[in-house]
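S.K.: below is the structure, and that's it, no one-letter string:
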């Protein structure tokens, strides 16, 4: 296994690839938006905010810090256990004796009032326990590494969700503006149709058609407003701040592998879900060794000292010290130990199957993301041509309608086709950016370091080294 065991999840520096379509994404979406102010929130800024503020990510970091404590707990098996005891009390004794003499029985009474006191200390050190302590320590370290891989999964998920929320808000804002502009055009079209109806150039049917299309346009505005509000709320939840003016964003193809084959290979090796499954195998394998250690002898050394006062009427003070070595050899414990070993071996087999499953799932995800990215690229080209053609067609239909060669319905249909084409273009540009982030996440490259974001990177090893060799202390590293 080539993954770093204690340092976290390996990351692959993918080669940079610049594409002309990637550069054009920002311009494409920005073209349908209102002019932005001089300072606008960027996607990179939003990703930094999510990385710093997202509660799911912060909760996972806290869970990993709690997992770090499993290592000093396992290391405690190497250290002595020291206990101190003290007793104090009051003891009253009365004794009556009978002595027979020629003169008759003689009775004698004696008594004592004592305050017996003892203080003592016992130190126990495990000298050998079938290598269980060593294996528990290695298992705890593997669990920490698995926790770091899980944290990397959470980081990728949060960053991908943040990028998606950002692009969703841009898309829905652009579509809302398109629908509002469409209503303005339809209102003008209705006014012109009524004017022409007033002079007898068109019929009442043309007016009704224009009114119907305007009502449909207003309904589309309401739907677009609902989608925009939903995306705005989702942005606030994922990124942690209220959205401001959003700048257009570009895809991140330059950070991903060049081909589908390279992407699949990278995903099967570097995806953090695969790393977590690999560390899960280590944890299960070490559990087998821990359970096998229960069949081996245990050797302990014990040192005791005790000071006692007034333990009997004749004892004023007594000092005791002892050093004992105890060897325990398990013979038979009801068969539980054998069952635990067999159970651990089955769990190990399950973890190996889980690793294969994770790799297959990652391969499927990479292939899906790659296909979505390629489809989005093609859709941008197709919808761009569609928008250009729809604009030309609308202008031509309007000119023909002025000379009576086209009907009002023809103009309305051409206008709707143009709106639909522009909405499709905005959606394709949104899908292009989101798919590039999804692919980067699938291959295990979506991280603060991989994106080059300007923020301090959370280092899980800092807390780990702070607590690993701690013998004492109640406060956590943040002072609680």
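M.R.: Arrived safely, thanks for sending. Bear in mind that the values here come from a model prediction, so they are computed numbers and not experimental data. Numbering: from 1, shown residues only.
S.K.: rest of the way, CA atoms for contacts and neighbours
M.R.: Noted.
S.K.: gap between residue 441 and residue 394?
M.R.: Residue 441 sits 42 Å away from residue 394, taking Cα to Cα, to the nearest Å as the criterion.
S.K.: cool, and residue 146?
M.R.: Counting by Cα to Cα, the separation of residue 146 from residue 394 is 59 Å.
S.K.: who's more crowded, those two?
M.R.: Set residue 146 next to residue 394 and count neighbours by other Cα atoms under 10 Å: residue 146 wins out with 30 against 20.
S.K.: mind checking the SS state of that one?
M.R.: helix (DSSP: H, G, I helix; E, B strand; the rest coil).
S.K.: does it touch residue 274 like I think?
M.R.: No. Using Cα atoms under 8 Å as the test, residue 146 is too far from residue 274 to be in contact (10.0 Å).
S.K.: residue 195: how many residues sit nearby?
M.R.: Neighbours of residue 195 (other Cα under 10 Å): 14.
S.K.: just use 49 as the starting number from now, easier for me
M.R.: Understood, numbering begins at 49; the last thing we discussed is residue 243.
S.K.: leaving aside the residues next to it on the chain, what's closest to residue 481?
M.R.: Using Cα to Cα, 6 or more residues apart in numbering and skipping residues adjacent in sequence, the residue nearest residue 481 is residue 299, 4.4 Å away.
S.K.: which SS class is the one you found?
M.R.: Taking three-state DSSP, the label given to residue 299 is coil.
S.K.: residue closest to the middle of this protein?
M.R.: Residue closest to the average C-alpha location in the chain (Cα atoms, centre = their mean): residue 202, at 1.6 Å.
S.K.: so what's that one scoring on pLDDT?
M.R.: What the model reports as pLDDT for residue 202 is 96.
S.K.: work out for me the element it sits within.
M.R.: Using DSSP states H and E, residue 202 sits within helix 180-246.
S.K.: gap between that helix and the chain center?
M.R.: 17 Å (Cα atoms, centre = their mean, to the nearest Å).
S.K.: now stretch 376-396
M.R.: Here stretch 376-396 is found 35 Å from its chain centre; the criterion is Cα atoms, centre = their mean.
S.K.: hmm, who's touching that stretch?
M.R.: The set of residues external to stretch 376-396 that reach it, using Cα atoms under 8 Å, 6 or more residues apart in numbering, is 329, 332-333, 335-336, 339-340, 342-347.
S.K.: got the contact list for residue 112?
M.R.: 192, 195, 196, 199, 508.
S.K.: actually residue 512, sorry about that
M.R.: 113, 116, 117.
S.K.: so which of the residues you listed is the most crowded?
M.R.: Neighbour max across the contacts of residue 512 (other Cα under 10 Å) = residue 116, 26 neighbours.
S.K.: tell me how far that one lies from residue 219.
M.R.: Applying Cα to Cα to residue 116 and residue 219 gives a distance of 42 Å.
S.K.: bridging residues for residue 365?
M.R.: With DSSP bridges as the criterion, residue 365 is bridged to residue 357.
S.K.: gap between it and residue 485?
M.R.: Counting by Cα to Cα - residue 365 and residue 485 are separated by 79 Å.
S.K.: okay, the two: which has more neighbours?
M.R.: More crowded of residue 365 and residue 485, by other Cα under 10 Å: residue 485, with 26 against 14.
S.K.: quick one, what contacts that one?
M.R.: Each residue near residue 485 by Cα under 8 Å, 6+ apart is listed here: 208, 211, 299, 300, 494.
S.K.: report pLDDT for it.
M.R.: So, for residue 485, pLDDT stands at 96.
S.K.: list the buried residues for whichever strand or helix holds it?
M.R.: Element membership for residue 485 (DSSP H and E) is helix 456-490. Of the residues in helix 456-490, those buried by neighbour count under the rule 16 or more other Cα atoms under 10 Å are 456-460, 462-490.
S.K.: coming back round to it: return the distance of the residue lying closest to the residue nearest to the centre of the chain once chain neighbours are set aside relative to residue 371.
M.R.: Nearest non-adjacent residue to residue 202, counting by Cα to Cα, 6+ apart: residue 105, 6.2 Å away. Distance of residue 105 to residue 371, given as Cα to Cα: 52 Å.
S.K.: isn't residue 234 right up against residue 264?
M.R.: No. Counting by Cα under 8 Å, residue 264 is not a contact partner of residue 234; they are 10.0 Å apart.
S.K.: and the two? Which one has more around it.
M.R.: Between residue 234 and residue 264, counting by other Cα under 10 Å, residue 234 is the more crowded of the two (24 against 14).
S.K.: okay, the more buried one: pLDDT?
M.R.: For residue 234, the predicted pLDDT is 92.
S.K.: can you check residue 160 too?
M.R.: 75.
S.K.: ok, now which ones touch it?
M.R.: Taking Cα under 8 Å, 6+ apart, one finds 139, 140, 141, 142, 361 in contact with residue 160.
S.K.: inside strands: which ones of those residues?
M.R.: 139, 140, 141, 142 (DSSP state E).
S.K.: can I get those in TSV with distance to residue 285?
M.R.: Output for the ones in strands among the contacts of residue 160, formatted as TSV (distance: Cα to Cα, whole Å):
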residue	distance to residue 285
139	70
140	73
141	76
142	80
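S.K.: which of those residues tops the neighbour count?
M.R.: That'd be residue 139 among the ones in strands among the contacts of residue 160, by other Cα under 10 Å, with 13 neighbours.
S.K.: for that residue, which non-adjacent residue is closest in space?
M.R.: In space, not counting the residues next to it along the chain, residue 139 is nearest to residue 162; the distance is 5.1 Å by Cα to Cα, 6+ apart.
S.K.: the helix holding residue 202 packs against which elements?
M.R.: Secondary-structure packing of helix 180-246 (3 or more Cα pairs under 8 Å, 6 or more residues apart in numbering; DSSP states H and E): helix 68-78, helix 91-101, helix 103-116, helix 118-123, helix 252-287, helix 320-341, helix 456-490.
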